[in-house]
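**Q** Next come a sequence and a model predicted from it.
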Amino acid sequence: MDATLARWLVSADAQAALAVAADQADPGSLRSAEALRRRWPAERAAAVLSQVTLRRRAAAKFGERAPGLFFTTDALEQATRADVASWRAGRLAAAGATAVVDLGCGIGADALAFADAGLEVVAVEADPATAVLAAANLGDRGRVLCGDAEQLATDLLADGAAVFADPARRTAAGRSWRVGDLTPPWDFVTGLLAGRLGCIKAAPGLPSNVIPDGVATTWVSHGGDLVEASLWSGPWPAGERRAVLLPAGGELVAGDRGAPVVGEVGRYLYEPDPAVIRAGAIGTLADLLGCHSVNPGIAYLAGDDLVESGFATAFEVLDSLPFDERVLRSLVRDSDIGTLEIKVRGLDVDPALLRRRLKPAGRAAATVVLTPTPAGARALLVKRVAGTG
């Protein structure tokens, strides 16, 4: 989409076309395309049908707000989930921010959250068409500039506004997770944190060796999905590593506690939330639960007492068997198991391939955890404890 088409799409002239497109059961079908092309040029028909498809897809991230927003495929993919954007905006506001400069705003997901939190917002987007859509999404609640973040940042931040950046993670070849492929460059955006309040959003698998000194780092899990890492400058202690669980809002800081002690599998097995694992807060969680590790370096905790926590999913251990395919095949057959969930840590096992070899075909469902333990590799037959995780 070019900027000219984007300007038409957000204009009053496009409302009728968008309404007709929204009435289509399958906006991606040839039938829908033909219906729209009878009244509008092919390019505009395709644009509104694509917009309706994206809005329906965006409901998972934006909820009831999605039908009133404008998207591009790439920008929607990178856009922050609404709960996460709201949490971030609230954190900056609580730290004293009154204004924020959003560098690389995409379609404006975070900019909207900043405005919702009462912050003055100036957003920058390099792509002309995306900037048009972002401006329409933000309306009169902020300003969107189309330009190069590296060239505009110094002047925009001169008055002491907080900075937020979500560097683009796409290249001509597609989506990239390499820090060297980010736009604006990683060194540039992290350098903006020095001496000011701010936040940089990054991929959840951000390598530790590219996290600069002097910042705090959070790993955010939303509904059990690890969705991002973020770097923070301001009132948070340098070097702090924190797991944040949304939408509940639980937070766990990785302290000085080292790796938990190792012990035998107990009555309960705990699988930490992925944000806890990435934040290196397993030892802190073990203390909280009164548990131990089942093996050095393995992110399963075990204990004999049930402690309910949002930071981990608890499983009751029904049986502990040697990890042997013949033993598992007998278990599957004798227990009439047809739906088999296989969880693996620390063993070179492909769950999908193993499941096919075990040939579950019964009516029962089961979960098996494969893990090294002090007693060797074990297959643990477990049952989820409701209300945990």
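**A** Sure, I can see it.

**Q** measure the residue nearest to residue 111 when sequence neighbours are not counted to residue 164 for me?
**A** Of all residues not flanking residue 111 in the chain, residue 123 sits nearest, at 4.5 Å (C-beta to C-beta, 6 or more residues apart in numbering). Backbone N, C-alpha and C define where each C-beta goes, glycine included. Counting by C-beta to C-beta, to the nearest Å, the gap from residue 123 to residue 164 is 9 Å.

**Q** Show me the helices in the stretch 251-389 of the chain, by range?
**A** Applying DSSP state H, counting those that start in this stretch to the stretch 251-389 of the chain gives helices spanning 274-278, 282-289, 325-334, 351-358.

**Q** what's the most buried one of the ones you listed?
**A** Among the helices of the stretch 251-389 of the chain, the stretch with the highest mean neighbour count (mean count of other C-beta atoms under 10 Å) is helix 274-278, at a mean of 23.

**Q** who's in contact with that one?
**A** Defining contact as C-beta atoms under 8 Å, 6 or more residues apart in numbering, one finds that helix 274-278 is touched by 204-205, 219-221, 224-226, 229, 243-245, 252, 282, 285, 299, 311-312.

**Q** Would you show me how to pick out the buried ones of the residues you listed in ChimeraX?
**A** In ChimeraX syntax, the buried subset of the contacts of helix 274-278 is picked out as below (16 or more other C-beta atoms under 10 Å):
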select :204,219,220,221,226,229,243,244,245,252,282,285,299,311,312
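
**Q** what's the domain layout of this protein?
**A** Per automatic domain parsing, the structural domains of the chain span 3-71, 76-252, 268-384.

**Q** Contacts only, for residue 107.
**A** 69, 70, 71, 72, 75, 76, 79, 130, 133, 134, 137.

**Q** can you tell me which of those lies nearest to residue 31?
**A** Comparing those against residue 31 with C-beta to C-beta places residue 71 closest, at 22.9 Å.

**Q** and that closest one, helix, strand or coil?
**A** Using DSSP: H, G, I helix; E, B strand; the rest coil, the structure places residue 71 in coil.

**Q** Just confirm it contacts residue 51, I think it does.
**A** Yes: the criterion here is C-beta atoms under 8 Å, and residue 71 meets it with residue 51 at 6.9 Å.

**Q** List the residues that contact the residue nearest to residue 358 when sequence neighbours are not counted.
**A** Closest residue in space to residue 358, ignoring its immediate chain neighbours: residue 332 at 5.0 Å, by C-beta to C-beta, 6+ apart. Applying C-beta under 8 Å, 6+ apart, we find residue 332 in contact with 340, 358, 359, 360, 362, 366.

**Q** Can you tell me which of those are buried?
**A** 340, 358, 360, 366.

**Q** what sits opposite residue 322 in the beta ladder?
**A** Assessed by DSSP bridges, residue 322 has beta-bridge partners residue 378.

**Q** Just give me the neighbour total for it.
**A** Neighbour count for residue 322, taken as other C-beta atoms under 10 Å: 12.

**Q** centroid residue for this structure?
**A** residue 227 (1.4 Å; C-alpha atoms, centre = their mean).

**Q** So what touches the helix or strand hosting it?
**A** For residue 227, the host element (DSSP states H and E) is strand 225-233. The contact list for strand 225-233 (C-beta under 8 Å, 6+ apart) reads 80-81, 84, 88, 91, 190, 193-206, 211-212, 214-221, 274-275, 278.

**Q** Which members of the residues you listed are classed as buried?
**A** Applying 16+ other C-beta under 10 Å to these, the neighbour count classes 80-81, 84, 88, 91, 190, 193, 197-204, 206, 211-212, 215-221, 274-275, 278 as buried.

**Q** In strands, which of these fall?
**A** Of the buried ones among the contacts of strand 225-233, the ones assigned to strands by DSSP state E are 198, 199, 200, 201, 202, 216, 217, 218, 219, 220, 221.

**Q** Surely the third one and residue 189 touch.
**A** Spelled out, that is residue 200. Yes: under the criterion of C-beta under 8 Å, residue 200 makes contact with residue 189 at 5.3 Å.

**Q** which stretches of this structure aren't confidently modelled?
**A** 169-178, 180, 389 (pLDDT under 70).

**Q** Please go through it and pick out the longest helix.
**A** helix 42-62 (DSSP state H).

**Q** what comes up buried for whichever helix or strand comes after that one?
**A** Once the chain leaves helix 42-62, the next helix or strand it forms, by DSSP H and E, is helix 73-78. For helix 73-78, a neighbour-count test (16+ other C-beta under 10 Å) marks 74, 75, 76, 78 as buried.

**Q** same for helix 73-78, what does it pack against?
**A** The contact analysis (3 or more C-beta pairs under 8 Å, 6 or more residues apart in numbering; DSSP states H and E) places helix 73-78 against helix 42-62.

**Q** returning to what we had before: relative to the whole chain's centre, how far out is the longest helix of the chain?
**A** Distance of helix 42-62 from its chain centroid, counting by C-alpha atoms, centre = their mean, to the nearest Å, is 22 Å.

**Q** Also stretch 349-367?
**A** That offset, for stretch 349-367, works out to 29 Å (C-alpha atoms, centre = their mean).

**Q** ditto for stretch 73-86
**A** Distance, centroid of stretch 73-86 to centroid of chain: 9 Å (C-alpha atoms, centre = their mean).

**Q** end-to-end on that stretch?
**A** Length of stretch 73-86, first residue to last, C-alpha to C-alpha, to the nearest Å: 22 Å.

**Q** who touches that stretch?
**A** Residues outside stretch 73-86 that contact it (C-beta under 8 Å, 6+ apart): 50, 54, 57-58, 61-63, 65, 71, 88, 106-107, 109-110, 112-113, 116-117, 130, 133, 166, 168-170, 175, 201, 220, 222, 227-228, 246-247.
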